[in-house]
Structures are given as C-alpha cells and as structure tokens.
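1. please work out how this folds:
(2 chains)
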Amino acid sequence: MKVSRNRRAAGLLLAVPVGFVLITFGSALILFLLESLHPSTGMGSSGEGFTLENYGRLLDSYFFEVLVRTALISLVVTALSLVVAYPFALYVARYAGRFGTICLVVVLASHGMSLVVRALGWISILTEGGPANQALLALGLISHPIRLLDGNFALVVGLVHGFVPLFVLILYPVLHAIDPAFERAAEGLGASRMTVIRKIIWPLSLPGVVAASLLCFAICMGVYTTTALLAGGRVTTFPILVQQQISVVMNYPFGAAMAMALLVVVMGMTWAGSACARWYAAIANP
Amino acid sequence: MIRECVVGLLLAAAPLVGAAAQSSPKEFAGQTLRVAIFGGTWQQWQQKTIEPLFTKATGAKVEYTPGAPAQFLAAMVAAKGRNVPFDLAPLGDDLLLEASRQGLLLNDYSKALMPNVDKLFDEIKPNQVHGPSDFVSLNGVLYDEEKFRSNGLPPPTNWEVLNNPKLAGHIAIPDITFVYRIIYANINYWKTGDRYNLDGTLEWLKNIKNPIVYNDFPTLQTRFNSGEIWAVLGSAGYILRFRKQGREMKFVIPQSRDEKGGVTFSSLNIIKGTTKARLAQIWINLAISDEVQTSMVKEIGFGASNRVVSDKLRNDPALKDLLIDNEEQLKIAAKTDWGKMTAVLPQWIDKWDRAVRR
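-> Okay, the predicted model is just below:
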C-alpha cells in the first residue's frame, strides 16, 4: 500500500518535468513536421493542403553531398576534440592535484565565452597578417603568408576549440570516479603507466567517452554560427542551407523539411554510434 | 547680422517645431513607440541622436527590437496585421514590394507630422509602396588607392580591373545572402545585359582568384585590419570605418554598359495595425531632419536621403563618396525590379552555393 502511494507520488513529481519536455520540445517538433508538409507560397507563408514535395527536393544529390560533408566535418571535430580533451581531462582528474582546479576554471571560462567572440578571435589569429602566419614564417615553414581561413581547416580548428571544454567537463567526473586502487594494483603487478591507462582507465572511462562523443557529434551537425564566421562563405554545411531557406529565402516549409531531414540523420547516426559502443564494450568485456 | 542669424536658426528649426506643434507631450505621455532597428552601431547611434529629440518632443518612451529587415518582414507576415511586435520597421527596397503586396504597411502619412519629407529626393519620398527613406546606400567597389597605385593598377572604374591577377586573394566579395545583391545585378547587367541572370556574375567570378567571401561586417573589418584586403565589393558606408585604419580608401561605382547603378535605399515604414501611427511619424520626421541626417553621414557613413543635407555635405571631400550625385542615380536604381529579384533569389542562392561554396 505504502509502496504504491510512493510510486504515485513519484509519478506525480515526474509528470511536471516530463510534461514540460514533451510539450515544449515535442510540440516544436510536431509544428516543424507539419510545416514541412505544406507547400510554400513564398515570403514566410505556406499554403493549404499537404505535400511531400519539400522532401522530394532533398533527393537532389547536391543535398546528399552537403549532408555527407557536414557529417565528415562533425566526425573529424569529434575525434580531434577527444584526442585533445582526453589526456587533459585525465591529467586534471588524476594527476594534477590542486592545480587541476585552476585548469578546470580555465576550461569553464573558455566554455562560457560567446561563440561569436571566439570565432572573431580565431579570425584575428588565422588571418594572413595574424600570429599563425607570422609564426609559420618565423619558423621558415612558409615563404609567404598562406590562406588559413575560408575553408575546412579554420572551421575544424574553431569547432575543436569550442568542443574541447565540453568533452573535458563530461570526462572529468568519469575519470575522477575511477577507483585509484585499480591503478595501484596494476602498477604493483608491474604494469607501466601507459599500460594502466590503456588497459584499465580507458575501458572504465568508455561510457563517458561515448556520451561526450555522441553529444559533440550531434551538436556539431547543427552548428551554424562558427561555420558562418570561420568558413568565410566558402564551405556549405547543412545548417547553412537551413538558415538560407529560413532567414533569406523565407521558404519555411522547405527549411523545415531540411531541418527534419537533418534531425533524422543525426538521430540515426547517434543510435548507430551508441550501438557500436555497446558492441565494442561487449567484445572488450566478454 | 544677429537678426539674420536668428531668422536662419528659426527657419532651420521650423520643421522640427512644426511637427512638435502638431502634438503635445501630454498627448503621448506614458506611451511607448516600438521601433524595429538594425542592431549594433546603428542602434547606439539612434539612441544617441533621435531618441533624446523624440522623448523631448513627445514625452513618449522608445522600445527597440534589433534585427535584420528580413526578420522584421517575417514577424510582420506572421502577425498578419494583428498584435504586430513593433510599430515602425526599416525595410530595404528588396523587401518593400512584398510587404506592400501583402498589405502589411500603413501608407497614410500626415504631412503636418512629417514636414521634413519635402526635403527628401523625389524618388524616395513616401508613396503607396513604402514610407520615407531614411538613408541611401551607394554600392560598388571600395579600394586601397595606395595598393592599386603601387601595383600599377588603374582605379576599378570598370569591373574588368578586378580580374587582374595581381589582386588574387585581395578582393572581398559579399555572400549572395548578404545585403549587396544589387552589385551582382549590376555585374550581371554588364556581362549579359540581364540584371537577373547570375551567370554573368559567376562568369566574372571565374577570373577572380581566391576571393574572400564575407557575410557580416565584423569579419570583414577584422580581415581588412590584417591588411590582406585591397578591394571590397560593398557599401560606400564602410569607407569611414576603413579609413580609421589609416589606409587611403576610395570608392567607385564601376560602369555597367550604359549606366553606373549601385544605389539602394532603406525606408522607415509604419506597420499596419499599430495604434502609434502618429508617434511613428514624429520619429520618422526626426530621422530625416537636417540635424540627424548630417550626424548619420558623418558618424555612420550612410548616404543622406535628405537632399538639403546631401547637397551641403557633398562639398566635403571626405564625405562626397558617401552621397548620391544627383537624382539620376535614383532613377537608375528604380530600373531594378525587386519583385523579380526576390523571385530569382532562391535560384541565385542555389547557383552560388554550387559554384562558389564547396
């Protein structure tokens, strides 16, 4: 009797946040889906009736090409962010001591900075007269300034800079929670520091790595501001196409269809990534 | 002498006094005018110049909605004349036709509330499509005179000059989704005779090696400051901000066949459904007054829509590039059919993305 009352109370308590999420997020998705099924009558208005025409337009190979490019950029950014963030988070969580707190504050401060300010900072650094070119010239690696902006390089650099703090913030508690006794036991049995990391810490931190990677990838697929500022109007990603349709052409139904397509692809890839991680965990820990 | 000065001052102030005389501060006390506005420097400048004059004349408050004209139009379309989110909005000639077609603007103006309208160039006075214009923009090529001279390049009075290989990597062009589509319409006209055929621009672009494509002013300014940009396709209004870097910048509208067309204008429009139409007209009257227009040219770098101010400032060598020479330029601007430009925009963006972006 008491258990059932507790369950009912818990259900009531959960109803509010769950209802809020369903109403706010769910209704927005339904509205977008409905909008994508209407014909466009131009300049921000849509016509009566339903059509699949907007989705039909997406079958053009150009959109597929842009979608693949967006996914590739997101994968590269996710992988590089992990490569940079994991050792840093490991150091901060397990070896830095009090200095680790300072490192975390620095990362948090960087994460709190506006995307626009960060991008403008990178433009100043990567421009032809900027410090990056000056350094390459001073090192004798180039004989005249090269164009570092306006392409995938600047975009990836800017995105990795943005996502590393997110990775660190997710990985830090996971790495910090691993019991040091495992490490000591392995070292006592003669394992080197690298072996301990490879055989003990990495497998135990894998759930955090997967969570951070999937989150980073999903967000990266939808990034607009950094692409608009750092790719210099020379790289097209799917969010750029969505923005063009919504803000410039004001073809809301087609923009909504693009956004829905992007959402489905992101959800599909996230599910696939998650399934791969489960499979890897199963074969690594039979 | 003193009497002449006093009479002169009274005459100059007459339009402001006239507008204020039609209304009393009490009539508007406690009311708030909601103004849609370009954000950033433009908003700061309006808060500094127009708002104090407006508050003094009416006793009303001002609430700003910063954004881009396309967003304002989208909000107006969504509101459909009911509960519009602002009373007054700036729209460029690219959006006015659509706003007018959908019946979103109030075109009933009182001359008594807006006596300064008489000072506007004829072509941009309010009509059934748009409200009074508060600024004109000259769009063409801004170039670093010293860099051009030292590289043996002539001023870009025609578009072909920019195809010179010495300029590779040093030309900044606006993205097709940015505001300067009129420039590409002119290049299209020069290359093909058809303003609406983007193939002309894309053909011309094939000979511009490694252009810098910009989509916002802060990025352009940051890269300009680094020294990599020698020429910019854009608004003459940028020239004041570029000159602050100590570089001798010039502006020219290149010849396109039989014309030099590159003028666009923005107008201040009262939104249908507002209950603050009288307040909005007082705001507009101040925005096109001699005092505000002079400040706009000198501080922001936009061309005056007020003919009196334009004629007066044209004698200043530092400002003459920002101002239209004569009414003829506005007549050439009127040749552009913005309804057609809007209709071809999706195809332009699609072609541009496939040709210029990767």
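2. when you work out contacts or count neighbours from here on, use the C-alpha atoms and nothing else.
-> OK.
3. so what's the residue count around residue 230?
-> Since you didn't name a chain, this refers to chain A. Burial measure for A:Leu230: 30 neighbouring residues, criterion other C-alpha atoms under 10 Å in any protein chain shown.
4. sorry, I should have been clearer: chain B.
-> Look at B:Trp230: counted by other C-alpha under 10 Å, it has 21 neighbours.
5. same check, this time on the one 3 residues further on
-> For B:Leu233, the number of neighbouring residues by other C-alpha under 10 Å comes to 22.
6. name the SS class of it, please.
-> Secondary structure for B:Leu233, judged by DSSP: H, G, I helix; E, B strand; the rest coil, is strand.
7. that one and chain A, how far apart?
-> Taking C-alpha to the nearest C-alpha, to the nearest Å as the measure, B:Leu233 falls 15 Å from chain A.
8. what sits against that residue?
-> Residues near B:Leu233 by C-alpha atoms under 8 Å, 6 or more residues apart in numbering or on different chains: B:Asn139, B:Gly140, B:Val141, B:Leu142, B:Ile171, B:Ala172, B:Ile173, B:Pro174, B:Ile183.
9. what helix or strand is the closest residue to it other than its chain neighbours located in?
-> Once flanking residues are discounted, B:Leu233 sits nearest to B:Val141: 4.6 Å by C-alpha to C-alpha, 6 or more residues apart in numbering or on different chains. Element membership for B:Val141 (DSSP states H and E) is strand B:133-144.
10. next secondary structure after that strand?
-> Next along the chain after strand B:133-144, taking DSSP H and E as the criterion, comes helix B:145-150.
11. and for whatever residue of the stretch 51-200 of chain A ends up closest to chain B, the neighbour number?
-> With C-alpha to the nearest C-alpha, the shortest gap between the stretch 51-200 of chain A and chain B falls at A:Gly129, namely 5.0 Å. Per other C-alpha under 10 Å, the neighbour tally for A:Gly129 reads 19.
12. can I assume it is in contact with B:Glu228?
-> Yes - using C-alpha atoms under 8 Å, A:Gly129 is in contact with B:Glu228, at 7.0 Å.
13. count the neighbours of residue 177 for me.
-> Reading this off chain A. Neighbours of A:Ala177 (other C-alpha under 10 Å): 12.
14. my bad, chain B
-> By the measure other C-alpha under 10 Å, the count of residues near B:Thr177 is 19.
15. hey, where'd the helices end up in the stretch 251-358 of chain B?
-> Under the criterion DSSP state H, counting those that start in this stretch, the stretch 251-358 of chain B contains helices at B:277-287, B:290-295, B:307-313, B:327-333, B:338-355.
16. ugh, wrong one, I meant the stretch 1-150 of chain B
-> Counting by DSSP H, counting those that start in this stretch, the helices of the stretch 1-150 of chain B are B:2-21, B:25-28, B:41-58, B:69-79, B:93-101, B:145-150.
17. what is the fourth one packed up against?
-> To tie it back to what came earlier, the one meant is helix B:69-79. Counting contacts by 3 or more C-alpha pairs under 8 Å, 6 or more residues apart in numbering or on different chains; DSSP states H and E, helix B:69-79 is packed against strand B:88-92, helix B:93-101.
18. ranking the ones you listed by mean pLDDT, which is last?
-> Mean pLDDT is lowest for helix B:93-101 among those, at a mean of 86.
19. what's the angle between that helix and strand B:88-92?
-> Put simply, helix B:93-101 runs at 120 degrees to strand B:88-92, going by axes from the mean of the first three to the mean of the last three C-alpha atoms, to 10 degrees.
20. what's next to helix B:93-101, contact-wise?
-> Contact with helix B:93-101 is made by A:43, B:69-70, B:73, B:105, B:128-130, B:264-267, B:338-339, B:341-342, as judged by C-alpha under 8 Å, 6+ apart.
21. how far does that helix sit from its chain's centre?
-> Centre-to-centre, helix B:93-101 and its host chain are 15 Å apart (C-alpha atoms, centre = their mean, to the nearest Å).
22. relative to helix B:69-79, how tilted is it?
-> Going by the same axes, to 10 degrees, helix B:93-101 is angled at 10 degrees with respect to helix B:69-79.
23. in the helix or strand that contains A:Ile30, what counts as buried?
-> Element membership for A:Ile30 (DSSP H and E) is helix A:27-36. Neighbour-count burial for helix A:27-36 flags A:Leu29, A:Phe32, A:Leu33, A:Glu35, A:Ser36 (criterion: 16 or more other C-alpha atoms under 10 Å in any protein chain shown).
24. endpoint to endpoint, stretch B:149-163 covers what distance?
-> 16 Å (C-alpha to C-alpha, to the nearest Å).
25. which positions in the stretch 101-250 of chain B make contact with chain A?
-> Counting by C-alpha under 8 Å from any C-alpha of the partner chain, the residues of the stretch 101-250 of chain B close to chain A are B:175, B:177, B:212-215, B:218-219, B:222-223, B:226-228.
26. so what's B:Arg82 closest to, chain neighbours aside?
-> B:Gly273 (6.1 Å).
27. number of nearby residues for the one you found?
-> B:Gly273: 18 neighbours (other C-alpha under 10 Å).
28. so it touches B:Phe86, yeah?
-> No - with contact defined as C-alpha under 8 Å, B:Gly273 does not count as touching B:Phe86 (9.7 Å).
29. any chance you could map the helices in chain A?
-> A:2-21, A:27-36, A:53-57, A:61-90, A:99-112, A:115-126, A:131-138, A:152-177, A:180-188, A:193-196, A:202-221, A:225-230, A:238-243, A:252-284 (DSSP state H).
30. contacts for stretch B:117-137, please.
-> Contacts for stretch B:117-137 (C-alpha under 8 Å, 6+ apart): B:96-97, B:100, B:105, B:107, B:111, B:235-237, B:263-270, B:284-285, B:287-288, B:293, B:302-308, B:322-324, B:327, B:330-331.
31. and residue 188, how many neighbours?
-> Looking at chain A here, since you left the chain open. Neighbour tally, A:Gly188, other C-alpha under 10 Å: 10.
32. try chain B instead
-> Residue neighbour count, defined by other C-alpha under 10 Å, stands at 23 for B:Asn188.
33. alright, calling it a day.
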